[in-house]
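> Here's a sequence, model it:
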Amino acid sequence: MGNLSLVLVNLGRNWVRTLLTVGSVMVALFLFCTLGGVLDTLKAAADSGSRERLATRNAISLTQWLPGSYQQRIAMVPGVQRVAVQNWFGARDPQDTRSFFAQFAVDPNFWPMYTKDLEIVQWTNPPVQLSVPAGQDPHMASYFAEKNSCIVGAGLLKKKGWHLGQTIQLAGTIFPGTWDFKINGVYANRPGGTWRDDMMLFRFDYLSEKGMGGQNFVGVYKLAIADPSRSAPIAKQIDAMFQNSDAATLTESEQAFGAGFVSMYGNVPFALRVIGLAVVFTILLISANTMVTAVRERTNEIGVLKTLGFSDGAVFGMVLTEAAVIAFGGGVAGAVLAFLAVRGANLGILPPLTVAWSTLVAGIGIALVIGAVSGLIPALWASRLRIVDALRRVD
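Below is the predicted model of the structure:
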């Protein structure tokens with residue numbers, strides 16, 4: 001019988017304990033990788049956005065509005081090519097209240113600004129006589145013809161089971177009431193783009209008319225600039241314009257804006273790391289206790305193996321392999337389960353949850369470390385055990 005066969009026999013000797021230990025490792029690594037997935041999602045959200053665009057918001061917080069009159073004044077700043085409106089909407093689907101997706105109200109300036117990030121891959125076929133604002137894609141005529149038009153991402157369309165031309169209803173939260181939207185277009189991400197395909201974009205004038213009583217308040221202005229190297233002085237100039245106004249501004253790169261959006265979660269990343277380390281440490285103790293108990297129960301058998309000619313190194317290897325099989329098997333199962341099970345889960349305003357490959361590999365690596373560390377001391381003890389001491393314990 002080979003060493004590996006002996007390891008498998010020992011694992012099956014007390015199969016209930018073995019399964020419980022494997023299950024404990026699996027749950028621990030599932031939690032670790034899930035928490036790592038949340039961190040991956042936070043990082044992805046912080047890294048989203050372009051350095052070639054600026055975002056202007058209220059200096060107090062994202063929840064405070066900016067006057068609509070700021071748009072023309074910002075557009076007059078040298079180096080600013082285009083200024084677009086982007087307002088968070090935050091409605092819910094009454095048919096699926098648990099399924100969150102982002103919605104933004106945008107003005108016509110938005111679409112030319114984001115041609116590198118997304119493209120309209122489907123649209124309704126409007127009558128030829130319909131016109132579009134200057135500089136817009138003629139195929140979007142139906143979008144501009146109906147005030148309640150919206151364009152949704154291909155991923156969201158598939159997830160919701162919607163179809164082009166359908167009228168959907170959303171329940172307002174920030175802006176109460178029942179909102180009807182007609183899907184007049186479907187967009188997809190371009191390679192290298194910074195947008196996701198699970199959002200809905202609709203006309204800002206519809207929000208202004210129905211949700212604001214015709215008033216023109218803006219959440220965020222997005223700015224296209226001619227020279228990205230001048231983004232810092234342009235941002236300072238814009239903020240200086242409104243420094244003494246009732247609504248002072250904060251202008252930063254779109255990427256920095258995304259990072260600031262994530263910062264609203266406070267010290268969540270630190271807390272998640274602490275929880276993850278606590279989980280790993282706890283399962284290390286459980287696994288180590290299992291191995292110590294298992295080896296002590298087989299003290300006399302270890303003496304017999306050495307009597308039959310098994311070297312100290314062979315005994316050391318078998319015990320360490322046993323610990324590695326338990327930890328690695330449970331760790332791989334837990335990491336893969338997290339990778340497959342939690343992907344796409346909703347985290348409120350953040351993108352759908354994703355577990356990066358690096359997190360998966362880290363989880364499997366931690367499982368190996370747990371196996372090695374938990375089995376190291378029992379393996380050393382077993383390899384150094386003298387035959388006479390081992391056999392003396394035979395009942």
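> can you give me how far the strand of greatest length in the chain is from the chain middle?
Criterion DSSP state E: the longest strand present in the chain is strand 177-189. Offset of strand 177-189 from its chain centre (CA atoms, centre = their mean, to the nearest Å): 24 Å.
> Can you list the strands that it pairs with?
Neighbouring strands of strand 177-189 in its sheet, by DSSP bridges, are strand 118-123 (antiparallel), strand 149-153 (parallel), strand 167-172 (antiparallel).
> would you turn those strands into JSON lines with mean pLDDT?
Listed next are those as JSON lines, based on pLDDT from 0 to 100:
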{"stretch": "strand 118-123", "mean pLDDT": "86"}
{"stretch": "strand 149-153", "mean pLDDT": "95"}
{"stretch": "strand 167-172", "mean pLDDT": "94"}
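> end-to-end on stretch 53-68?
End-to-end distance for stretch 53-68, by CA to CA, to the nearest Å: 19 Å.
> That should have said stretch 113-131, apologies.
Start and end residues of stretch 113-131 are separated by 20 Å (CA to CA).
> And it, how far out from the chain middle?
How far stretch 113-131 lies from its chain's middle: 29 Å, per CA atoms, centre = their mean.
> got the contact list for it?
Defining contact as CB atoms under 8 Å, 6 or more residues apart in numbering, one finds that stretch 113-131 is touched by 50, 53, 82, 84, 137, 139-145, 151, 154, 164-165, 184-190, 192-195, 197, 222, 224. In this view, the C-beta of every residue, glycine as well, is placed from N, C-alpha and C.
> Helices - which of the residues you listed land there?
In helices, judged by DSSP state H, the following of the contacts of stretch 113-131 are found: A141, S142, Y143, F144, A145, A154.
> And the pLDDT at the closest residue to the second one other than its chain neighbours?
Looking back up the chat, that one is S142. Take S142 and drop its neighbours on the chain: the residue closest to it by CB to CB, 6 or more residues apart in numbering is P126, 3.8 Å away. Looking at P126, its pLDDT stands at 72.
> neighbours around P126, how many?
As a burial measure, P126 scores 19 neighbours (other CB atoms under 10 Å).
> hmm, back to that, now restrict the contacts of stretch 113-131 to buried residues only.
50, 53, 82, 84, 137, 140-145, 151, 154, 184-189, 193-195, 197, 222, 224 (16 or more other CB atoms under 10 Å).
> Can you list the residue ranges for helices in the chain?
Under DSSP H, the chain gives helices at 3-13, 15-47, 70-75, 110-113, 141-145, 154-160, 204-211, 231-241, 254-262, 268-297, 299-307, 312-341, 357-384, 387-391.
> As JSON lines, those helices with mean pLDDT would be great.
Formatted as JSON lines, these follow (pLDDT from 0 to 100):
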{"stretch": "helix 3-13", "mean pLDDT": "65"}
{"stretch": "helix 15-47", "mean pLDDT": "75"}
{"stretch": "helix 70-75", "mean pLDDT": "94"}
{"stretch": "helix 110-113", "mean pLDDT": "91"}
{"stretch": "helix 141-145", "mean pLDDT": "88"}
{"stretch": "helix 154-160", "mean pLDDT": "91"}
{"stretch": "helix 204-211", "mean pLDDT": "94"}
{"stretch": "helix 231-241", "mean pLDDT": "93"}
{"stretch": "helix 254-262", "mean pLDDT": "67"}
{"stretch": "helix 268-297", "mean pLDDT": "73"}
{"stretch": "helix 299-307", "mean pLDDT": "69"}
{"stretch": "helix 312-341", "mean pLDDT": "78"}
{"stretch": "helix 357-384", "mean pLDDT": "77"}
{"stretch": "helix 387-391", "mean pLDDT": "63"}
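> returning to what we had before: with distance to V332 added, can I get the strands paired with strand 177-189 in TSV?
Below are these laid out as TSV (distance: least, CB to CB, whole Å):
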stretch	distance to V332
strand 118-123	37
strand 149-153	34
strand 167-172	42
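> before we move on, the earlier item: Provide the contact partners of the longest strand of the chain at residue level.
Against strand 177-189 from outside (CB under 8 Å, 6+ apart): 91, 117-124, 140, 142-143, 146, 148-154, 157, 162-172, 195-197, 200-202, 210-211.
> mind running it again at 6 Å?
The contact list for strand 177-189, computed with CB atoms under 6 Å, 6 or more residues apart in numbering, reads 118, 120-124, 142-143, 146, 148-154, 157, 162, 164, 166-170, 172, 195, 197, 202.
> before we move on, back to that, return the most buried member of the strands paired with strand 177-189.
Mean neighbour count, computed with mean count of other CB atoms under 10 Å, is highest for strand 149-153 among the strands paired with strand 177-189, reaching a mean of 23.
> could you give the angle of that one to helix 204-211?
Put simply, strand 149-153 runs at 120 degrees to helix 204-211, going by axes from the mean of the first three to the mean of the last three CA atoms, to 10 degrees.
> since we're on V220, how many residues are nearby?
Using other CB under 10 Å, V220 has 19 other residues around it.
> so what's it bridging to?
Taking DSSP bridges as the rule, V220 bridges to R57, Q86.
> This completes my enquiry, with thanks.
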